[in-house]
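J.: kindly generate the corresponding structure for this input.
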Amino acid sequence: MSERILSISGLRGVVGNGLTPDYLTRFAAAVGTIANKGTIVLSRDGRSTGEMVRHAVIAGLISTGCRVVDAGIATTPTCGVLVTHLKAAGGIQITASHNPIPWNGLKPFSAEGSVFNQEQGEQLLDVLNNETFNYVPWDELGHLEVYENAAGPHIVRVLELVDVDQIRQRKFKVVLDCNRGSGGVATPQFLEALGCEVIVLGGTADGQFEHTPEPLKENLTSLSEAVVKHKADAGFAQDPDADRLAIVDETGRYIGEELTLALGADYVLARTPGPIVVNGSTSRVTADIAAKYNCPFFRSYVGEAHVCAKMKQETAIIGGEGNGGVIDPKVGYVRDSYVSMAYVLAGLAASGQTLSAWADSLPQYSIVKNKITCPREQVDSACKALEAHFDSATASTGDGLRLDWDDRWVQVRASNTEPIIRVIAEAPQQTEAEALCNTAMEIVGKAVR
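T.: As a prediction, the model looks like this:
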């Protein structure tokens, strides 16, 4: 069976086993058909397979009459910004995010510079599955252009969010772990524009990851060690396409992905109160922060497209996901590690405190995340078994299953990007969260055998 995952959010697969040149070209032709001969921004995350994928995608787009603006190796949020900056019809980021080296994929963007919503995604799948491509004759083919300094417009927008001079005065020392992903191309320059001294780990964007690419605690020991060694103020870790950010404080402590959004929300809502949207898998610390500033708080289904749709509906001023993905509409409706870094540094500069002190001042919860391999057709059985076991909890369905108590919760749901079930639990103490997650894992494991 080919390893390929297709959804409204895009395409991921193992190159040569599901992710083949002909399928990539057809997917791109579907995007080009929807774009109706418009301009499409194209960029990639630096994986070694990206060049093959790039050529297949260009063929599909040009065959449908599109003008292709090739931004080269760039971050996913940079692609989204360029779409709106160039007033393009859409975009495609070639990336498999945190998936292992053999994987790659395609993430389409709408003219709004955001990932496809439900309706746009379904339209794309309809064109792709029914092969109703709008191939044009030879004299109407599109063409390719190269865009230099792709990150420039993106960096300008992010710098406008914060007091750059105040940050520069602090002369922060930062260790940046790009892990040989697309963040290595321009993130050091971005941080230098904020007056930071930057020590870069894995700065060559060739996709030869130096550690497992998901920015989790167990994968970032080298970053923690480097922060202590260099006596840095912070450590920042990007995933391969640099839309997510995990953080290490000045003591070398991994404070994680969940607090990336919490720190950003704490900074923004204190200065500009307004609605915030997070997904159903995000720590409740963001809800506490919203309550602290008397701001409306909303949860969406998991997935960037769902968060962005809810943010637009509620006119949210900030939002995101607990995987380190902060979304600020003033830059674009896309998760953005640059926005996260800017807000963290701005918060430190404004308060004069250390990163560890700021993190410790926030409401404290422990969140535990795990996963189990599971075919999609068995997810419902797992959810029913879990709900039956925890019959004292308040159940929320529609996006997997979330079970809430007064001070803790557990959620199980199928991943949109991998053939797994994610199990997430949160409680006031680490031991309590671990016990809740472990119990859920046992129940799910028995249900899907």
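J.: what is the longest helix seen in the chain packed up against?
T.: For the chain, the helix reaching the highest residue count under DSSP state H is reported as helix 430-447. Counting contacts by 3 or more CB pairs under 8 Å, 6 or more residues apart in numbering; DSSP states H and E, helix 430-447 is packed against strand 366-373, helix 379-389, strand 409-414, strand 420-427. Where you see a C-beta, it was placed from the backbone N, CA and C, and this is true even at glycine.
J.: possible to save these as CSV with mean pLDDT and distance to residue 123?
T.: Shown next, in CSV, are those (pLDDT from 0 to 100; distance: least, CB to CB, whole Å):
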stretch, mean pLDDT, distance to residue 123
strand 366-373, 89, 31
helix 379-389, 89, 26
strand 409-414, 91, 23
strand 420-427, 92, 27
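J.: got those as a markdown table, with mean neighbour count and distance to residue 213 columns?
T.: A markdown table is the format used below for those (neighbours: other CB atoms under 10 Å; distance: least, CB to CB, whole Å):
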| stretch | mean neighbour count | distance to residue 213 |
| --- | --- | --- |
| strand 366-373 | 17 | 15 |
| helix 379-389 | 17 | 25 |
| strand 409-414 | 24 | 21 |
| strand 420-427 | 23 | 16 |
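J.: do you know which of those lies nearest residue 31?
T.: Among the helices and strands packed on helix 430-447, strand 409-414 comes nearest to residue 31, with 24.8 Å by CB to CB.
J.: partners of that closest one in the sheet?
T.: With DSSP bridges as the test, strand 409-414 is paired with strand 401-404 (antiparallel), strand 420-427 (antiparallel).
J.: what about the residue lying closest to residue 329 once chain neighbours are set aside, neighbour count?
T.: Excluding its sequence neighbours, the residue lying closest to residue 329 (CB to CB, 6 or more residues apart in numbering) is residue 311, at 6.7 Å. By other CB atoms under 10 Å, 25 other residues sit near residue 311.
J.: let me know the secondary structure of residue 311.
T.: Classification of residue 311 by DSSP: H, G, I helix; E, B strand; the rest coil places it in helix.
J.: how much space between it and residue 28?
T.: Distance, residue 311 to residue 28, by CB to CB, to the nearest Å: 28 Å.
J.: what ranges of this protein fall below the confidence cut-off?
T.: 1-2, 417 (pLDDT under 70).
J.: return the residue of this protein that is most distant from the centre.
T.: Relative to the C-alpha centroid of the chain, counting by CA atoms, centre = their mean, residue 139 is the outermost residue, at 39.2 Å.
J.: identify the residues contacting residue 193.
T.: By CB atoms under 8 Å, 6 or more residues apart in numbering, the contact set of residue 193 is 155, 159, 164.
J.: closest one to residue 351 out of those, please.
T.: Taking CB to CB as the measure, residue 351 lies nearest residue 164 of these, at 16.7 Å.
J.: and residue 213, backbone torsions?
T.: Per-residue torsions, residue 213: phi -70, psi -20 (degrees, to the nearest 10).
J.: tally of neighbours for it?
T.: Residue 213, neighbours per other CB under 10 Å, totals 25.
J.: do residue 152 as well
T.: Residue 152 has 16 neighbours, counted by other CB under 10 Å.
J.: from residue 158, how far off is it?
T.: Residue 152 is 11 Å from residue 158, by CB to CB.
J.: I'd like the contacts of residue 193 as CSV, with secondary structure and distance to residue 201 appended.
T.: Shown next, in CSV, are the contacts of residue 193 (DSSP: H, G, I helix; E, B strand; the rest coil; distance: CB to CB, whole Å):
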residue, secondary structure, distance to residue 201
155, helix, 21
159, helix, 24
164, helix, 25
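J.: mind putting those residues into CSV with neighbour count and distance to residue 371?
T.: Listed next are the contacts of residue 193 as CSV, based on neighbours: other CB atoms under 10 Å; distance: CB to CB, whole Å:
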residue, neighbour count, distance to residue 371
155, 20, 34
159, 16, 37
164, 18, 40
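J.: picking up where we left off before, adding distance to residue 444, write the strands paired with strand 409-414 out as CSV.
T.: As requested, those are arranged in CSV below (distance: least, CB to CB, whole Å):
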stretch, distance to residue 444
strand 401-404, 10
strand 420-427, 6
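J.: looking at the ones you listed, which is nearest to residue 320?
T.: When the strands paired with strand 409-414 are compared for distance to residue 320 using CB to CB, the nearest one is strand 420-427, at 15.7 Å.
J.: let me know the angle separating the closest one from helix 379-389.
T.: On the basis of axes from the mean of the first three to the mean of the last three CA atoms, to 10 degrees, strand 420-427 is oriented at 30 degrees to helix 379-389.
J.: report the buried residues of stretch 84-104.
T.: For stretch 84-104, the buried set under the neighbour-count rule, 16 or more other CB atoms under 10 Å, comprises 84-86, 88-99, 101-104.
J.: good, wrapping up.
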